[in-house]
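K.L.:
below is the sequence, then the predicted model.
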Amino acid sequence: MVPAMINQGSSTFSGRDLACVRGGRVVFAGLGFSLGSGGGLLLLGPNGSGKSSLLRVLAGLLRPAHGVLAWDDEAIAEDPEAHAARTHYLGHHDAVKPVLTVAENLRFWAHLHDPHAERAGRAVDRALGRFGLSHLATIPGKMLSAGQKRRTNLARLLAAPSPLWLLDEPTTALDKASIKALEAVLAEHRAGGGMVVLSTHAEIDLPGAEELHLDRFAVPWNEEDPA
């Protein structure tokens, strides 16, 4: 089932000459990309190459040391709240509250996105079903396995839909069936006009996605002259 179009028009998310500094070290510099509606971008590279840092920059959680991020040619910095509203970022840590059930965790995110209780409830039910969590709906987060927590975290994407998905190693702790379910959800999101940017060390099917190799934008570290 292909969802309704997320955005009736065509949008472009882009970055130009981006640089990131963490702990006094330039992680990457001179990085650029352009992603249109329905597009996919795979972030590749060894550990420490800056994949997670770039995702945080794209989410607006880190300010780039240099360069410009833009949505439809308007700088993200001009309206960070609008960018936050259209972005769903999933990092390494699963944002699952241990005392809440799986369904309650998803309802929390759904109601943040849509205060209309009936619509939010339908979104939660769909998210539970797509990620094989319906039978775990009443189980507290503290009772979940690592894979179940990851699936609950990924189900947030459907419980609280947004045009731009930024995913950091989303297949971690997932079995083959769960990875297939994720791939289907990613494909449907893109078919509806959504965008996906994800980092990975594992194989994941993201047809037609562009690849961005972060190690190509690395800046050599000079201990004698860190600048």
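P.N.:
Nice, I can see it.

K.L.:
for the rest of this, base every contact and every neighbour count on C-alpha atoms.
P.N.:
Will do.

K.L.:
what residues are up against Ser53?
P.N.:
Going by C-alpha atoms under 8 Å, 6 or more residues apart in numbering, Ser53 touches 20, 62.

K.L.:
what would stretch 158-177 look like as PDB? C-alpha coordinates only.
P.N.:
The C-alpha coordinates for stretch 158-177 follow below in PDB (Å, rounded to 0.1, in the frame of the first residue of the first chain):
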ATOM      1  CA  LEU A 158       4.800   5.800  10.600                       C
ATOM      2  CA  ALA A 159       3.200   6.900  13.900                       C
ATOM      3  CA  ALA A 160       4.500  10.500  13.400                       C
ATOM      4  CA  PRO A 161       5.100  10.900   9.600                       C
ATOM      5  CA  SER A 162       7.400  13.500   8.300                       C
ATOM      6  CA  PRO A 163       8.800  14.200   4.800                       C
ATOM      7  CA  LEU A 164      12.500  13.900   5.600                       C
ATOM      8  CA  TRP A 165      13.700  10.700   7.400                       C
ATOM      9  CA  LEU A 166      17.300  10.800   8.800                       C
ATOM     10  CA  LEU A 167      18.300   7.300  10.000                       C
ATOM     11  CA  ASP A 168      21.600   6.400  11.800                       C
ATOM     12  CA  GLU A 169      22.300   2.600  11.300                       C
ATOM     13  CA  PRO A 170      18.600   1.700  11.300                       C
ATOM     14  CA  THR A 171      19.200  -2.100  10.700                       C
ATOM     15  CA  THR A 172      21.200  -2.600  13.900                       C
ATOM     16  CA  ALA A 173      19.800  -5.500  15.900                       C
ATOM     17  CA  LEU A 174      17.200  -6.300  13.200                       C
ATOM     18  CA  ASP A 175      16.700  -9.800  11.800                       C
ATOM     19  CA  LYS A 176      16.200 -10.400   8.100                       C
ATOM     20  CA  ALA A 177      12.400 -10.300   8.200                       C
END
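
K.L.:
just the buried residues of it, please?
P.N.:
158-174 (16 or more other C-alpha atoms under 10 Å).

K.L.:
next: stretch 200-209.
P.N.:
200, 206.

K.L.:
how about residues contacting it?
P.N.:
With contacts defined as C-alpha under 8 Å, 6+ apart, stretch 200-209 is touched by 39-45, 168-171, 179, 183, 186-187.

K.L.:
nice, that's everything, thank you.
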